[in-house]
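Visitor: coords below, sequence missing:
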């Protein structure tokens, strides 16, 4: 059947991880198939499932080995005759990682987390939120809805919402555009913002063109002075294309799928959200 999680299969299936699922010689460890994109995805999975802060560098080193060993011991993933887990990702381990991360991806973000799981967002005076014509897709109350937008931002520099419509105003974000043909009155990042000026950047249901990605990287605050967090949300179909670009921006620290309350049980209306601590 192959792997099923979004992390391990999108935007394309990882050949090494698929081999690991079915072949003992294809296992992954320190010095054994231990470098590449497949290792980055394992590191992201371990960070999410174990609340770790592994460097996502694609190198299966000691820290990654320690994390694999601890993950397997906590879940009893032992080979016949083993009393404690080894440090290798083999068939059983990759299957369990895939199952666990798939369940994590389908979970709703916690209300105290990094992303708003509901249209109401974090606690605020929602009656002050903008309405049409500024908002093109309001919620049932005809005001900006906040599902999939950031909450608990870093907040030590500017907060930027690319192609926003006021849905993050209440948290101090400002709406900007990256390309003039889509600006609709929003100021352009390229002519308004200096490099390294943003601690929080978000985009929702907006394309991540080469220009937009370049601007995100340009305006993101360096890790040396506090770093930058990027949040992206969109429906599952739109999300397929930019997933590789999002992975290239930094370390994924949360990924979730949020159901549309108006279309429960219909996944095409779900919202996929990834939160990245940028490099």
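Guide: Yep, it's here. Since this is a predicted model, take the numbers as computed values, not measurements.

Visitor: going forward, measure contacts between C-alpha atoms and count neighbours the same way
Guide: OK.

Visitor: Just give me the neighbour total for residue 163.
Guide: 24 (other Cα atoms under 10 Å).

Visitor: any idea how far residue 150 is from it?
Guide: 14 Å (Cα to Cα, to the nearest Å).

Visitor: which non-adjacent residue is nearest residue 94?
Guide: residue 21 (6.2 Å; Cα to Cα, 6 or more residues apart in numbering).

Visitor: May I see the buried residues of the helix or strand hosting that neighbour?
Guide: Residue 21 belongs to helix 15-22 when elements are defined using DSSP states H and E. By 16 or more other Cα atoms under 10 Å, the buried positions in helix 15-22 come out as 16-22.

Visitor: So which of the residues you listed is the closest to residue 51?
Guide: Taking Cα to Cα as the measure, residue 51 lies nearest residue 17 of the buried residues of helix 15-22, at 22.0 Å.

Visitor: now the helices: where do they sit in the stretch 1-150 of the chain?
Guide: Secondary structure of the stretch 1-150 of the chain (DSSP state H, counting those that start in this stretch): helices at 6-9, 15-22, 37-50, 62-75, 91-106.

Visitor: With mean pLDDT and distance to residue 250 as added columns, please give those in a markdown table.
Guide: Formatted as a markdown table, the helices of the stretch 1-150 of the chain follow (pLDDT from 0 to 100; distance: least, Cα to Cα, whole Å):
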| stretch | mean pLDDT | distance to residue 250 |
| --- | --- | --- |
| helix 6-9 | 84 | 14 |
| helix 15-22 | 96 | 21 |
| helix 37-50 | 90 | 10 |
| helix 62-75 | 96 | 17 |
| helix 91-106 | 91 | 18 |
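
Visitor: for these, which one sits closest to residue 178?
Guide: Per Cα to Cα, nearest to residue 178 of these: helix 6-9, 27.5 Å.

Visitor: Got phi/psi on residue 177?
Guide: Torsion angles at residue 177 (phi, psi; degrees, to the nearest 10) stand at phi -120, psi 160.

Visitor: list the contacts for it?
Guide: Residue 177 sits next to 162-163, 183, 186-189 when contact means Cα atoms under 8 Å, 6 or more residues apart in numbering.

Visitor: what about it, distance to residue 67?
Guide: 40 Å.

Visitor: related to what we said a few turns ago, isn't the residue nearest to residue 94 right up against residue 90?
Guide: Yes - between residue 21 and residue 90 there is a contact at 6.9 Å, judged by Cα atoms under 8 Å.

Visitor: just for the stretch 51-200 of the chain, where's the confidence low?
Guide: 108-112 (pLDDT under 70).

Visitor: Give me the distance between the residue in the chain sticking out farthest from the centre and residue 32.
Guide: What lies farthest from the middle of the chain is residue 81; by Cα atoms, centre = their mean that is 38.2 Å. Residue 81 is 22 Å from residue 32, where distance means Cα to Cα.

Visitor: if we can go back for a sec, if you rank the contacts of residue 177 by neighbours, which is first?
Guide: residue 162 (26 neighbours).

Visitor: Show me where this protein has its strands.
Guide: 158-162, 173-176, 198-204, 229-234, 250-258, 271-278 (DSSP state E).

Visitor: any chance of the ones you listed in CSV, plus distance to residue 41?
Guide: Output for the strands of the chain, formatted as CSV (distance: least, Cα to Cα, whole Å):
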stretch, distance to residue 41
strand 158-162, 27
strand 173-176, 30
strand 198-204, 22
strand 229-234, 18
strand 250-258, 10
strand 271-278, 14
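
Visitor: Which parts of this structure belong to which domain?
Guide: When the chain is parsed with automatic domain parsing, its domains come out as 6-106, 126-278.

Visitor: Export the ones you listed as JSON lines, with columns for distance to residue 113.
Guide: Listed next are these as JSON lines, based on distance: least, Cα to Cα, whole Å:
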{"stretch": "domain 6-106", "distance to residue 113": "13"}
{"stretch": "domain 126-278", "distance to residue 113": "7"}
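
Visitor: The ones you listed: which one's closest to residue 116?
Guide: Of all the domains of the chain, domain 126-278 comes closest under Cα to Cα, at 5.2 Å.
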